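A.B. asks: Kindly generate the corresponding structure for this input.
(chains A and B)
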Amino acid sequence: MSSRRSRVAGLRAMGAGLAALGLLASGCGGGDAGADGKVTIRYSWWGAQDRADLINRTIDLFEKENPGIEVKTDFQEYGDFWTKFNTQAAGGNPPDVFQNSYAFLRKYGQKNLLLDLNPQVKAGNLNLDDFRQGLGRAGEIDGKLLGVPVGANTFTLVYDVKAFEEAGVTPERGWTWEDFDAAVEKISEPGEDFWGASSNGGVMYLYDLRLRQQGKAFFTEEGLGFTEADLRKWWGDHRAKLDDGLLVPAKQAAQVLPKSEVSAGLSAAEFTWDNFLARYVSETDRELALAPIPTMDGERTAQYLSSLMLSASARTEHPEEVAKFVDFMVNDPEVGKIMGYNRGVLPTNAQFEAYEPEGPDAKIAEYEKSVTDQLEPITPHPAGTDTVEAAFLSIYRSMAQGSVSVDEAVSQFFDEAKTALGS
Amino acid sequence: MSAPTGTVRPVRTARPPRTGAPARRGVRSVLWHLGALALLAVVLYPVVWVLGGSLKPGDEIVGSLDLLPTDPITGNYERLADGIAGIGIETFFVNSLLVALGSVAGVLISCSLAAYAFARIRFAGRDVLFALMIGTLLLPVHVLLVPQYVLFQKMELINTYVPLLLGKFLAVDAFFVFLMVQFMRNLPRELDEAARIDGCGHWRIYWTIVLPLCRPALITSAIFSFIWAWNDFLGPLIYLNEPDKYTVSLGLKMFMDQDSLADYGGMIAMSVAALLPVLLFFLAFQRYLVEGAATSGLKG
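C.D. replies: Down below sits the predicted model:
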């Protein structure tokens, strides 16, 4: 008796469950074009909630001024963003417009995933005239405009002001690698947990600048722009400095991750992008400042601006609306005021002037102004750049830990780079 | 009279060697407990670290090696109440619960049905199909990712929970099917033969005989499928496109990115909050697990 009742109840529950799933399916499947003629575009980016808060405010502004367009947003952390993007792109369903970086333009351009925005520029939906230092065309590859910068950054040395003062070295325009090495040697004291510089030999962008100062570059249009002998010298020098106790040892550096070595108080100097200063300053009590990259000849730093960009998907059904959206995000002064330097120094004059930087942002703005006349065109980033960059860093790290020799590390890197760039 | 003493005597004679042991046994028991406590400390360390971390200010979480905060704060939890990027955190929990409970329901219904068929019905190609099903366990997730995405994309089911749940209702989780098949094979066949003689069909046998006896297997499956669905990251990441549809595992990642200052305090406080439902679910059901194992097969 009781078993029969429970059977009936159970079957009913099962049926209810299946029906609920059906409802879920019918309730959630939504079309792209609204019945009221509104166009919906999907916009995704990588970032944490602080960036999302800012972007959401700029989107509210955009939607107010463009009542016919609705923007749906989606954001993830950097690594997850690309996992999702690649799956969506493979499935033919990428977002209409998304945050991109110069390093990925060729990779996705070659796969025909990115929309050429030049026709939209001609049609007047996207204005590139107001960009600083010709940034407007920075995303143009083989005549196609694949990305528009939303923020620009250049490489820098973040240094601990007090430590450099005590060493008696002033990092200023035109200083040389010899000056830098002398400072590092003076600051590093044996027996103390403080080293002259972070172990940055695996940072692709730093080595790129060093090569450019010698008239080479990390990449040519087709592949690597340096030889195994070049890299053996670069990593060999770092090995020697690590052995002499001048650079933060791999073990200590790994322990403070995800903090950087300079903001964790382990080192007095670190090469990185200038927009990282804001983050570093908030992580430490030490006074940090920005200095230009040391030179070989006392003049040329070989620095360039790189940028986060907005790219549109080649499959978007609304290229015009997407172009208007990008135009608004890079040209509107209010957007500049809201975003600040969250994605780098603002790209257009209108936005750059509308935003009044404070604290670390003011230092970044000052630094970018001071190096403006030295900026050169960017090194080409072939498809596979991201893989090469990751390999360069991880192989350097295992060399720094001592698990492989310099020679092994160099040949391992060249093997991996050939595979990554060959495809 | 003689019979009881006769039964007691051998016990008495057996006692002396045992009564001499308590002191040594006591030492051994203390050692055993100390060892167990030491192991427990190792196992629980990360949990204590997370609990301690949730009460520390952000810069102390990464910078300091102390297990517990020197000056506990509740700010991390208070910040959670404001939500993440304009979305209340209860949204993430409701979404996760929907997915996790949906998964449990789907797995219990579909996997037990599939298992009954494999365990009790002789049909053509059963062994081949069973082997194929086990074979699906060997397929890496990444191989299926893109084809599945394309499939759901064509069906216009992206940005719904259907891709996350449909498989559960179609007995795609071979592991649970396997678990239940093994369990059902151990149930005495006489029980369903008796039911058959009484006139039961397969549905009735499944529902009134096999399913109640399978309770331990069902509860194990429920606990695992709940935890797996709750913790699943890749599925929701790929299929959900709007932050207000996100599950807790995605919400957790909104606190950090390489480009910005990570809010470790908020993230760890959210982790603690995310642990609770899983813990409660486990606590609520684990007693049935033991109970079920003790009584299975004894019900008339």
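A.B. asks: average pLDDT across the helix or strand that contains residue A:327?
C.D. replies: For residue A:327, the element it lies in under DSSP states H and E is helix A:319-331. Mean per-residue pLDDT for helix A:319-331: 96.
A.B. asks: quick one: the following helix or strand past that helix to chain centroid distance?
C.D. replies: Once the chain leaves helix A:319-331, the next helix or strand it forms, by DSSP H and E, is helix A:333-339. From the chain centre to the centre of helix A:333-339 is a distance of 20 Å (Cα atoms, centre = their mean, to the nearest Å).
A.B. asks: quick one on the thing from earlier: got a list of contacts for the helix holding residue A:327?
C.D. replies: Residues from elsewhere that reach helix A:319-331 (Cβ atoms under 8 Å, 6 or more residues apart in numbering or on different chains): A:39, A:41, A:43, A:58, A:61-62, A:65-66, A:68-69, A:71, A:96-97, A:115, A:117, A:119-121, A:123, A:125-127, A:130-131, A:148-150, A:310, A:312, A:316, A:335, A:347-348, A:350-351. All C-beta atoms are positioned from the backbone trio N, CA, C, and that covers glycine.
A.B. asks: Contacts only, for residue A:243.
C.D. replies: Neighbour list for residue A:243: empty [criterion: Cβ under 8 Å, 6+ apart].
A.B. asks: Okay, helices next: where are they in the stretch 101-250 of chain B?
C.D. replies: Residue ranges of the helices in the stretch 101-250 of chain B, as given by DSSP state H, counting those that start in this stretch, are B:126-136, B:141-154, B:162-169, B:174-185, B:189-197, B:202-204, B:211-213, B:215-231, B:234-239, B:248-252.
A.B. asks: Run through the residues of the stretch 51-200 of chain B sitting next to chain A.
C.D. replies: B:59, B:62-63, B:84-86, B:102, B:105-106, B:109, B:145-146, B:149-150, B:153, B:156-162, B:165-166, B:169 (Cβ under 8 Å from any Cβ of the partner chain).
A.B. asks: Please work out which residue of the stretch 151-300 of chain B is closest to chain A.
C.D. replies: Nearest residue of the stretch 151-300 of chain B to chain A (Cβ to the nearest Cβ) works out as residue B:160 at 3.5 Å.
A.B. asks: Number of residues surrounding that residue?
C.D. replies: Look at residue B:160: counted by other Cβ atoms under 10 Å in any protein chain shown, it has 23 neighbours.
A.B. asks: coming back round to it: quick check on the residues of the stretch 51-200 of chain B next to chain A: which are buried?
C.D. replies: Neighbour-count burial (16 or more other Cβ atoms under 10 Å in any protein chain shown) is assigned, among those, to B:59, B:62-63, B:84-85, B:102, B:105-106, B:109, B:145-146, B:149, B:153, B:157-162, B:165-166, B:169.
A.B. asks: hmm, which of the contacts of helix A:319-331 are the buried ones?
C.D. replies: Counted by 16+ other Cβ under 10 Å, the contacts of helix A:319-331 give A:39, A:41, A:43, A:58, A:62, A:69, A:71, A:96-97, A:115, A:117, A:120-121, A:125-126, A:131, A:148-150, A:310, A:312, A:316, A:335, A:347-348, A:350-351 as buried.
A.B. asks: distance of the residue sitting nearest the centre point of chain B from residue B:242?
C.D. replies: Centroid-nearest residue in chain B: residue B:224, 2.5 Å away (criterion: Cα atoms, centre = their mean). Using Cβ to Cβ, to the nearest Å, one obtains 29 Å as the distance from residue B:224 to residue B:242.
A.B. asks: Likewise for residue B:265?
C.D. replies: For residue B:265, the distance to residue B:242 - Cβ to Cβ - is 26 Å.
A.B. asks: Please name the nearest non-neighbouring residue to residue A:37.
C.D. replies: Spatial nearest neighbour of residue A:37, chain neighbours left out: residue A:68 (7.1 Å); criterion: Cβ to Cβ, 6 or more residues apart in numbering or on different chains.
A.B. asks: Contact partners for the one you found?
C.D. replies: Here residue A:68 is in contact with A:37-39, A:321 (Cβ under 8 Å, 6+ apart).
A.B. asks: which pair in those spans the largest distance?
C.D. replies: A:37 and A:321 (12.3 Å; Cβ to Cβ).
A.B. asks: of the two, who's got more company?
C.D. replies: In terms of neighbours (other Cβ under 10 Å), residue A:321 is the more surrounded of residue A:37 and residue A:321; the figures are 22 against 7.
A.B. asks: tell me the pLDDT at the residue of the stretch 151-300 of chain B closest to chain A?
C.D. replies: 94.
A.B. asks: pLDDT weak spots in the stretch 101-250 of chain B?
C.D. replies: Nowhere does the stretch 101-250 of chain B drop to pLDDT under 70.
A.B. asks: for chain A, what are the low-confidence residue spans?
C.D. replies: Using pLDDT under 70, chain A drops low at A:1-36, A:423.
A.B. asks: tell me the domain ranges of it?
C.D. replies: Split into domains by automatic domain parsing, chain A comes to A:39-100+A:114-148+A:310-355, A:155-304+A:378-422.
A.B. asks: centre of the chain versus the longest one, how much separation?
C.D. replies: Translated: domain A:155-304+A:378-422. For domain A:155-304+A:378-422 - counting by Cα atoms, centre = their mean - the centre lies 17 Å from the chain centre.
A.B. asks: need the contact list for the residue lying closest to residue A:334 once chain neighbours are set aside.
C.D. replies: Counting by Cβ to Cβ, 6+ apart, residue A:61 is the residue found nearest to residue A:334 once chain neighbours are left out, at 5.9 Å. Residue A:61 sits next to A:328, A:332, A:334-335, A:338 when contact means Cβ under 8 Å, 6+ apart.
A.B. asks: Just confirm residue A:61 is within a strand.
C.D. replies: No. Secondary structure of residue A:61 (DSSP: H, G, I helix; E, B strand; the rest coil): helix, not part of a strand.
A.B. asks: Helix, strand, or coil at the residue in the stretch 251-400 of chain A that chain B sits nearest to?
C.D. replies: Closest approach between the stretch 251-400 of chain A and chain B, counting by Cβ to the nearest Cβ: residue A:279, at 4.9 Å. Counting by three-state DSSP, the backbone at residue A:279 sits in helix.
A.B. asks: neighbours around it, how many?
C.D. replies: Other residues within reach of residue A:279 by the criterion other Cβ under 10 Å amount to 18.
A.B. asks: what about dumping the CA coordinates of whichever helix or strand residue A:412 is part of to PDB?
C.D. replies: Under the criterion of DSSP H and E, residue A:412 resides in helix A:406-422. The C-alpha trace of helix A:406-422 is given here as PDB (Å, rounded to 0.1, in the frame of the first residue of the first chain):
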ATOM      1  CA  VAL A 406      71.700  27.900 -19.800                       C
ATOM      2  CA  ASP A 407      72.600  25.900 -22.900                       C
ATOM      3  CA  GLU A 408      69.800  23.400 -22.400                       C
ATOM      4  CA  ALA A 409      67.300  26.300 -21.700                       C
ATOM      5  CA  VAL A 410      68.300  28.100 -24.900                       C
ATOM      6  CA  SER A 411      67.900  25.000 -27.200                       C
ATOM      7  CA  GLN A 412      64.700  24.100 -25.400                       C
ATOM      8  CA  PHE A 413      63.300  27.600 -26.100                       C
ATOM      9  CA  PHE A 414      64.300  27.600 -29.700                       C
ATOM     10  CA  ASP A 415      62.600  24.200 -30.200                       C
ATOM     11  CA  GLU A 416      59.400  25.500 -28.600                       C
ATOM     12  CA  ALA A 417      59.500  28.800 -30.500                       C
ATOM     13  CA  LYS A 418      59.900  27.100 -33.800                       C
ATOM     14  CA  THR A 419      56.900  24.900 -33.200                       C
ATOM     15  CA  ALA A 420      54.800  27.800 -32.000                       C
ATOM     16  CA  LEU A 421      55.700  30.100 -34.900                       C
ATOM     17  CA  GLY A 422      55.700  27.400 -37.500                       C
END
